[in-house]
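A.B. asks: how would this look folded up:
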Amino acid sequence: MGGDVELDVALDGALDGALDGALDGALDGALDDGEHRGGSAVERLLRDLVRRAEAEQLLDVAYRVVDGPLGPLLLAATPRGLVRVAFAVEGHEAVLQDLADRVSPRVLHAPGRLDEAARQLDAYLAGRRRAVDVPLDLALARGGFRREVLAALRRIPYGGTATYAQVAAASGSPAAVRAVGTACARNPLPLVVPCHRVVRSDGRAGQYLGGADVKLRLLLLEGARHDRDEGGAPRGARAGGDR
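C.D. replies: I've put the predicted structure just below:
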């Protein structure tokens, strides 16, 4: 994420009533500090903004970008928990704008708030963990059915798969197979809520928000089988509903 984007998001969230005074004080201090110590005034401004926003409970959405085997991932969290994981293909600037529109305009680059989520995600992608176990905020998953789908996805075990029809049944609406596909495509927390474990009824992996190749890589990482067995069902399917 470029410095210009981070500054724009910080200022958009910060110039909001009570934070105006904090911004003025942070800017003066950061510029003075940068002159005396040779550091980046903008970087110091952003760090000071985060500290002041947290102290005054004005930081609603913290975000950071982490690099890994799947490319840069944007992580965002509210005080309630992790609210968004986004692949680069989604456009991180667009994701930040969506967070500002749908959650809160007070969005700041605050990497420290996401240290634990980043650590666990790194371990998962390296094969050292089977899940990212952090508090979640499902504010972006609106609607009772969508949340039922996300709950069903979290019950698909590591190394297992389930079909869209099985997830629909596990969500309480067996006929809503297409709606399950939509819920997976709009999952705000991919990797953490494992929609990559949902495969087509013919055994093929199917599409994925991060790209079909990424989905195959994740299934391979977990050792999941997504080809057809002799009975015609995807191997490893162990979610609710008919097997």
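A.B. asks: could you pull out the helices for the chain?
C.D. replies: Ranges of helices in the chain, per DSSP state H, are 3-14, 19-37, 41-55, 92-102, 115-125, 144-154, 164-170, 177-185, 212-222.
A.B. asks: what helices or strands is the fourth one leaning on?
C.D. replies: Going back to what we said before, that points to helix 92-102. With contacts defined as 3 or more CB pairs under 8 Å, 6 or more residues apart in numbering; DSSP states H and E, helix 92-102 has these neighbours: helix 3-14, strand 61-66, strand 73-78, strand 81-87, strand 107-109. Quick note: C-beta positions are derived from backbone N, CA and C, even for glycine.
A.B. asks: rank these by mean pLDDT and give me the bottom one.
C.D. replies: Of all the helices and strands packed on helix 92-102, helix 3-14 carries the lowest average pLDDT, namely a mean of 49.
A.B. asks: distance check, the closest residue to L75 other than its chain neighbours against Y63.
C.D. replies: Counting by CB to CB, 6 or more residues apart in numbering, L114 is the residue found nearest to L75 once chain neighbours are left out, at 4.8 Å. From L114 over to Y63 the distance is 7 Å, taken as CB to CB, to the nearest Å.
A.B. asks: which of these two has more neighbours?
C.D. replies: Y63 (25 against 21; other CB atoms under 10 Å).
A.B. asks: you'd agree that one is up against L74?
C.D. replies: Yes - Y63 lies in contact with L74 (CB atoms under 8 Å); the separation is 6.2 Å.
A.B. asks: identify the contacts common to the two.
C.D. replies: Shared contacts of Y63 and L74 (CB atoms under 8 Å, 6 or more residues apart in numbering): 84, 96.
A.B. asks: nearest spatial neighbour of R80, skipping sequence neighbours?
C.D. replies: Once flanking residues are discounted, R80 sits nearest to D137: 4.1 Å by CB to CB, 6+ apart.
A.B. asks: tell me who's in contact with the one you found.
C.D. replies: Under the criterion of CB under 8 Å, 6+ apart, the neighbours of D137 are 77-78, 80-83.
A.B. asks: please apply the same query to F87.
C.D. replies: Counted by CB under 8 Å, 6+ apart, F87 has contacts 70-71, 73, 190, 209-211, 214.
A.B. asks: picking up where we left off before, find the residues that touch each one of L114 and Y63.
C.D. replies: Jointly contacting L114 and Y63 under the rule CB under 8 Å, 6+ apart are 75-77.
A.B. asks: which of those residues has the most neighbours?
C.D. replies: Top of those by neighbour number is A76, holding 29 neighbours under the definition other CB under 10 Å.
A.B. asks: related to what we said a few turns ago, against Q97, how distant is the residue nearest to L75?
C.D. replies: 19 Å.
A.B. asks: for the chain, where's the lowest mean pLDDT among helices and strands?
C.D. replies: The helix or strand of the chain with the lowest confidence, counting by mean pLDDT, DSSP states H and E, is helix 19-37 at a mean of 47.
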